[in-house]
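Student: Here is the input, now give the coordinates:
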Amino acid sequence: SGGVAATSAGAFAAQGQGDGKGQGEDPMDAMPDGIETARVRVGHLISDAPPVDLRLTLPGLEDVVDLPAYEGLRYGQVVPNIPADYADFPAGVTFGLRVTPAGDPDTTVVEIPEIEFEAGRNYTLLAIGELDSENDEPGPDALALVDNPHEDPPSYGRDQLPSEDETDVRVVHALPDFTDDFRVAQVRGGGGQVGNVKYSEATDYATIDPHGEVSLHAEGETIATVGGFRPGTRNTVYVVSDTPEPGGNKPVITSTIDAVARPNLNVSLENAFED
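Tutor: Down below sits the predicted model:
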């Protein structure tokens with residue numbers, strides 16, 4: 001994961017619009033000159049929560065600075081929802097983040113009191129868990145992932161782009177009804193172990209054959225098999241509940257494209273929760 005933090009209210013509004021092919025505006029172009037930025041996206045993966053808003057606060061001044069950044073996020077939604085696109089946040093500034101039911105700023109579902117982003121890093125922030133636990137499932141929590149953790153110096157992932165004939169995949173375990181580990185393996189196009197993943201954690205990115213599949217195993221059984229990746233892409237696979245309510249213990253897979261190998265690579269985003 002790595003360290004994190006946040007930005008001012010305008011930062012989300014300053015995201016690049018993109019062209020549908022994973023190529024938004026350069027993050028530095030979206031901010032005033034001289035302001036270093038990180039790139040951020042957020043996802044609603046709390047299975048029994050209604051649509052939510054993400055609000056930005058200033059620690060110690062929450063009564064003065066408490067502003068909406070994203071509004072009406074649905075379960076399973078990760079935004080920005082353009083492949084390989086993120087929103088821009090000023091780096092090196094400490095902010096707070098609150099997730100609230102949509103239109104209800106006085107009720108906090110998940111809170112990160114203080115968060116700070118590093119310039120040049122890409123982040124995925126997820127709200128996970130369950131609001132109403134039936135069988136001691138984990139409650140609502142925040143999961144912060146760094147999407148270019150080994151890039152030195154951090155350059156928005158530009159120095160970690162996948163090759164055009166390979167695919168990078170990582171898996172996020174966000175299924176609160178099953179908190180045991182998943183074993184992740186490539187099952188076609190070479191075989192081999194991708195890694196183990198605990199609840200509220202993610203595997204490292206693994207390079208796989210783009211025409212291969214990734215399978216998830218638990219308790220000696222195959223839970224799900226994922227394929228259809230595009231050559232030249234870096235992807236995150238999210239294992240979540242099958243239904244936005246407590247007790248949804250059948251895994252559903254949704255995914256995001258985190259990076260593409262070249263500007264003209266035509267990719268599409270498929271989301272199991274989109275209409």
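
Student: Can you tell me how far Ile208 is from Ala185?
Tutor: Going from Ile208 to Ala185 by Cβ to Cβ, to the nearest Å gives 10 Å. C-beta: built from backbone N, CA, C; applies to glycine.

Student: The two - which one has more neighbours?
Tutor: The neighbour count for Ile208 versus Ala185, taken as other Cβ atoms under 10 Å, is higher for Ile208 (24 against 19).

Student: Just grab the bridge partners of that one for me.
Tutor: With DSSP bridges as the criterion, Ile208 is bridged to Thr167.

Student: where are the low-confidence patches of the stretch 1-150 of the chain?
Tutor: Along the stretch 1-150 of the chain, segments meeting pLDDT under 70 span 1-34.

Student: Please parse the protein into its domains.
Tutor: Recorded structural domains for the chain (assignment: automatic domain parsing) are 1-160, 162-263.

Student: Let me see the mean pLDDT of the last one.
Tutor: So the one you mean is domain 162-263. The predicted model assigns domain 162-263 a mean pLDDT of 82.

Student: quick check, distance from that domain to the centre of its chain.
Tutor: Relative to the centre of its chain, domain 162-263 is centred 13 Å away, using Cα atoms, centre = their mean, to the nearest Å.

Student: Repeat that for the longest one.
Tutor: Taking the mean C-alpha point of domain 1-160 and that of its whole chain, the gap between them comes to 9 Å (Cα atoms, centre = their mean).

Student: how about the helices in the protein?
Tutor: 10-13 (DSSP state H).

Student: if I look at the residue nearest the centre of it, how far off is Val146?
Tutor: Nearest residue to the geometric centre of the chain (Cα atoms, centre = their mean): Thr124, 3.7 Å. Separation of Thr124 from Val146 (Cβ to Cβ) stands at 8 Å.

Student: Same question for Arg74.
Tutor: The gap separating Arg74 from Val146 is 25 Å, by Cβ to Cβ.

Student: Between those two, which is the more surrounded one?
Tutor: Legend: neighbour count by other Cβ under 10 Å for Arg74 and Val146, higher for Val146 (20 against 16).

Student: List the beta-bridge partners for that one.
Tutor: Bridge pairing for Val146 (DSSP bridges) gives the partners Tyr123.

Student: Is it correct that it is in contact with Leu125?
Tutor: No: taking contacts as Cβ atoms under 8 Å, Val146 lies outside contact range of Leu125: 10.5 Å.

Student: ok so, going back, burial of the spatially closest residue to the residue nearest to the centre of the chain that is not a sequence neighbour, as a residue count?
Tutor: Closest residue to Thr124 apart from its sequence neighbours, by Cβ to Cβ, 6 or more residues apart in numbering: Leu145 at 4.5 Å. Neighbour count for Leu145, taken as other Cβ under 10 Å: 21.

Student: What pLDDT is listed against Pro154?
Tutor: We have a pLDDT of 94 for Pro154.

Student: for it, what are its contacts?
Tutor: Glu118, Ala119, Gly120, Arg121, Asn148 (Cβ atoms under 8 Å, 6 or more residues apart in numbering).

Student: how close does the second one get to Ala69?
Tutor: In this view, Ala119 and Ala69 are 19 Å apart by Cβ to Cβ.

Student: Please identify which of the two sits among more neighbours.
Tutor: Taking other Cβ under 10 Å, Ala119 and Ala69 do not tie; Ala69 has more neighbours (24 against 18).

Student: The more buried one touches Thr57, doesn't it?
Tutor: No: between Ala69 and Thr57 there is no contact under Cβ under 8 Å: 10.3 Å.

Student: between the contacts of Pro154, which is closest to Ala218?
Tutor: Asn148 (29.1 Å; Cβ to Cβ).

Student: Give me the distance between the residue lying closest to the closest one once chain neighbours are set aside and Gly96.
Tutor: Closest residue to Asn148 apart from its sequence neighbours, by Cβ to Cβ, 6+ apart: Gly157 at 4.0 Å. According to Cβ to Cβ, Gly157 stands 26 Å off from Gly96.
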